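Asker: 3D, please:
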Amino acid sequence: MTIQMKGKRLAVFGANNVTEEVTAFAHRHGIVLVSVGNVPEAPMHQVSDEQYYLDCTDETVMLPFFKEKHIDALLSCSGEMIIRKSVGWIAKTGFHYIATPRQWDVLMNKQHFKEVCIRYGMPAIPAFRLEDEDIPFPVIVKPVDNGGSFGITVCHSRTEMEEAIAKAIKNSTVGEYLCEKFLEGPYFQFEIWRQNGKSYFPYTKGRAFYPAIDQSPCQPFLDLYPSPEADIIKRLYEPMSQLFDDLGVNNGSCMFQGIISDGVPYIMDTAFRLSGGMDFRVVREDKGIDLVACYMQHALTGQFGEDFSSLAKPLQGYYATICIGLRNGHIHTIRGIDDVRLLPYVYSLFQYYHEGDTMQYSGLFLQVLCRIFVRANSRQELQSNISSILSLIEVEDDNGRSLLLDYPRI
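Answerer: Next up, the predicted model:
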């Protein structure tokens, strides 16, 4: 495989939360990384071999660029807005790519995905429009095509709903909103990984949340693997696999998250890309299969990874991802992160903010100081490991006040 890829020039769009994985794979196989994007501070620009500060979503700029710079392949697998704005023209490059415009539209437009769920016998959350007479509040209003909690509002009245619709439309690239019944119940998540037209479901997970801030939805505190609701989640595997067969998705991955209400699993959101929660690190730790490497291998050769047979088996251990949430403010002091990295049961840690940065996204998915990846041999051991980690971390503003959000009870 190395011989096939050595010396190849790989253009990279986005991928800023997987720079560690991308650079490691590139160095192992002698790949030249060419980062493209108009934000000079982007993490991928700091580690690539060549940097070009261009609008990577502009077809008229990128098609000539690929020829001029002798680009052999393109990696664009994590930045949702980048993919959304470029998936329509990537086929013109002749590069191996995991998505077609139709596949992306069905899986990443919330309204369109809701419609196919119904056709394939999967539960769909009741939806409403502003002109409906009887709306059972609370409801949740969101853009049909955006993630990361941007433009999402929980509404308790028609007045709030009107304001939320305007906000959702503003955050939608197609100017559309979706309003659904606000469900309460256990959170669930799973992924489908596709290799040569065959489906694999590598994990299930549950989640504990921080309390909601204002009208924003609750944000993650703990991701817990496997989900205690795994048997209910598995009801979705067969129809989901059939959907991907019919869409012709041969390679790639897609994340699904939802709520179990009265024993019924409702999917709320999807991510036909690498998910921001970095669940691929859990699978890599448990199975030794690196999803980021699979995307890179596919971009360069058309082959999506090697042997996936171990993905058919349940996770062998118990895992958690801790999200250290922050209040808004200027970060003056961070203590404990280096001590946490050294703990034997912490196998990975990804830090988003550092001393001197300012947190301004409290209440959104971007409120996370760092993600801490933890393993254990039992649920009891996992809970003990989590408690030990939480006791070590301190974050203060310029006045010595804690910026840490209050941790929910485990």
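
Asker: how far away is Asn16 from Glu41?
Answerer: 10 Å (Cβ to Cβ, to the nearest Å). Where C-beta positions appear, they are placed from N, C-alpha and C, glycine not excepted.

Asker: please say which of those two ends up with more neighbours.
Answerer: For Asn16 versus Glu41, neighbours defined as other Cβ atoms under 10 Å are more numerous around Asn16 (19 against 7).

Asker: just read off the phi/psi values of the residue nearest to that one when sequence neighbours are not counted.
Answerer: Spatially, and ignoring its direct neighbours in sequence, Asn16 is nearest to Pro43 (4.4 Å; Cβ to Cβ, 6 or more residues apart in numbering). Dihedral angles of Pro43 (phi, psi; degrees, to the nearest 10) stand at phi -50, psi -40.

Asker: got the domain boundaries for this protein?
Answerer: 2-97, 126-181, 187-396 (automatic domain parsing).

Asker: what's the spacing between Pro40 and Phe182?
Answerer: 41 Å.

Asker: low-confidence ranges, the stretch 51-200 of the chain, go.
Answerer: Across the stretch 51-200 of the chain, the ranges flagged by pLDDT under 70 are 147-149.

Asker: show me where it has helices.
Answerer: Per DSSP state H, counting those that start in this stretch, the stretch 51-200 of the chain carries helices over the ranges 59-68, 80-86, 101-108, 110-119, 158-170.

Asker: how about JSON lines for the ones you listed, with distance to Leu342 and mean neighbour count added?
Answerer: Putting the helices of the stretch 51-200 of the chain into JSON lines (distance: least, Cβ to Cβ, whole Å; neighbours: other Cβ atoms under 10 Å) gives the following:
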{"stretch": "helix 59-68", "distance to Leu342": "43", "mean neighbour count": "14"}
{"stretch": "helix 80-86", "distance to Leu342": "34", "mean neighbour count": "19"}
{"stretch": "helix 101-108", "distance to Leu342": "39", "mean neighbour count": "18"}
{"stretch": "helix 110-119", "distance to Leu342": "42", "mean neighbour count": "16"}
{"stretch": "helix 158-170", "distance to Leu342": "43", "mean neighbour count": "17"}
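
Asker: tell me which of those helices sits nearest to Cys254.
Answerer: Across the helices of the stretch 51-200 of the chain, Cys254 has its closest neighbour in helix 101-108 (6.1 Å, Cβ to Cβ).

Asker: list of residues touching the closest one?
Answerer: 80, 83-84, 87-88, 112-113, 116, 145, 247-249, 254, 270-272 (Cβ atoms under 8 Å, 6 or more residues apart in numbering).

Asker: ok, 10 Å please
Answerer: 80, 83-84, 87-91, 98-100, 112-113, 115-116, 144-147, 174, 243-244, 246-249, 252, 254, 256, 269-273 (Cβ atoms under 10 Å, 6 or more residues apart in numbering).

Asker: out of these, which end up buried?
Answerer: Buried members of the contacts of helix 101-108, scored by 16 or more other Cβ atoms under 10 Å, are 80, 83-84, 87, 90, 98-100, 113, 116, 144-147, 243-244, 247, 249, 252, 254, 256, 269-273.

Asker: quick one: the residue nearest to the spatial centre of the chain and Lys92, what's the gap?
Answerer: When Cα atoms, centre = their mean is applied to the chain, the residue found nearest the centroid is Ser275 (1.9 Å). For Ser275, the distance to Lys92 (Cβ to Cβ) stands at 27 Å.

Asker: all strands in the stretch 101-250 of the chain, in order from the N-terminus.
Answerer: 127-128, 139-143, 153-155, 177-181, 187-195, 198-200, 204-209, 220-225 (DSSP state E, counting those that start in this stretch).

Asker: include distance to His330 when you put those strands into JSON lines, please.
Answerer: Shown next, in JSON lines, are these (distance: least, Cβ to Cβ, whole Å):
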{"stretch": "strand 127-128", "distance to His330": "41"}
{"stretch": "strand 139-143", "distance to His330": "30"}
{"stretch": "strand 153-155", "distance to His330": "27"}
{"stretch": "strand 177-181", "distance to His330": "34"}
{"stretch": "strand 187-195", "distance to His330": "32"}
{"stretch": "strand 198-200", "distance to His330": "44"}
{"stretch": "strand 204-209", "distance to His330": "26"}
{"stretch": "strand 220-225", "distance to His330": "23"}
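
Asker: closest to Glu21 out of those strands?
Answerer: Nearest to Glu21, of the strands of the stretch 101-250 of the chain and by Cβ to Cβ, is strand 187-195 at 15.7 Å.

Asker: gap between the closest one and the chain center?
Answerer: 11 Å (Cα atoms, centre = their mean, to the nearest Å).

Asker: could you check the angle strand 204-209 makes with it?
Answerer: On the basis of axes from the mean of the first three to the mean of the last three Cα atoms, to 10 degrees, strand 187-195 is oriented at 140 degrees to strand 204-209.

Asker: can I get strand 187-195 in CSV? Just the C-alpha atoms.
Answerer: The C-alpha coordinates for strand 187-195 follow below in CSV (Å, rounded to 0.1, in the frame of the first residue of the first chain):
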residue,chain,number,x,y,z
TYR,A,187,-29.9,9.7,23.9
PHE,A,188,-28.4,7.3,21.5
GLN,A,189,-25.8,7.3,18.7
PHE,A,190,-24.4,4.8,16.2
GLU,A,191,-22.5,4.8,12.9
ILE,A,192,-22.6,2.9,9.7
TRP,A,193,-19.3,2.2,8.0
ARG,A,194,-19.4,1.1,4.4
GLN,A,195,-16.7,-0.9,2.7
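
Asker: partner strands of it and their direction?
Answerer: With DSSP bridges as the test, strand 187-195 is paired with strand 198-200 (antiparallel), strand 204-209 (antiparallel), strand 252-261 (antiparallel).
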